[in-house]
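Participant: structural data only, the sequence is not supplied:
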């Protein structure tokens, strides 16, 4: 199964470490029904760019939860390595969201972020809606860290259009900014629609 925008997200079941309770248990896609899920793949524990990304994403966790979302970070490491990394790396001291162990690499393959040369996950972030439909695929090359503010912006936009299905969000839209109501009359006149002229 491959991940495609607008289609049901590939199902998964993975052992997962929950740092707040200091416990591990299996989670599956079905557990997130009714929530927005940010499935956040990263290459490996005990690396360089990864802790900067997970720290920054952790700083957005409460905002994501307020928007009805959850984060599930994923790498091909084990839950034991996840726990040891969170205990060792000071950048991760405030990470409260769970880290899943895709140690077979099968989930990374299903989501198209498997690196065949290293057997690690690439940097892919997927936003899945409360009905289990994949809405965002955001991937970058391994040496480049992602922007968690952009992930939150995308989540806000997805939530807005779900609640306002007749509206569309223009480039770089942020909450409170003008949106569009597409119609045949707007063709060739988007400037006027945005500027109110």
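Facilitator: Great, that's in hand. Just so we're clear, the structure is a prediction, and the values are computed from it rather than from any experiment.

Participant: quick one, strands of this structure?
Facilitator: 13-18, 23-28, 36-41, 69-75, 99-101, 114-115, 120-121, 123-128, 134-140 (DSSP state E).

Participant: quick one: the fifth one to chain centroid distance?
Facilitator: Centroid displacement of strand 99-101 relative to its chain, using C-alpha atoms, centre = their mean, to the nearest Å, is 14 Å.

Participant: and the average pLDDT for that strand is what?
Facilitator: Strand 99-101 carries an average pLDDT of 98.

Participant: distance to residue 158 and mean neighbour count for the strands of the chain - can I get that in JSON lines?
Facilitator: Backbone N, C-alpha and C define where each C-beta goes, glycine included. Output for the strands of the chain, formatted as JSON lines (distance: least, C-beta to C-beta, whole Å; neighbours: other C-beta atoms under 10 Å):
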{"stretch": "strand 13-18", "distance to residue 158": "24", "mean neighbour count": "19"}
{"stretch": "strand 23-28", "distance to residue 158": "22", "mean neighbour count": "14"}
{"stretch": "strand 36-41", "distance to residue 158": "7", "mean neighbour count": "25"}
{"stretch": "strand 69-75", "distance to residue 158": "9", "mean neighbour count": "23"}
{"stretch": "strand 99-101", "distance to residue 158": "22", "mean neighbour count": "25"}
{"stretch": "strand 114-115", "distance to residue 158": "25", "mean neighbour count": "18"}
{"stretch": "strand 120-121", "distance to residue 158": "23", "mean neighbour count": "23"}
{"stretch": "strand 123-128", "distance to residue 158": "6", "mean neighbour count": "23"}
{"stretch": "strand 134-140", "distance to residue 158": "5", "mean neighbour count": "17"}
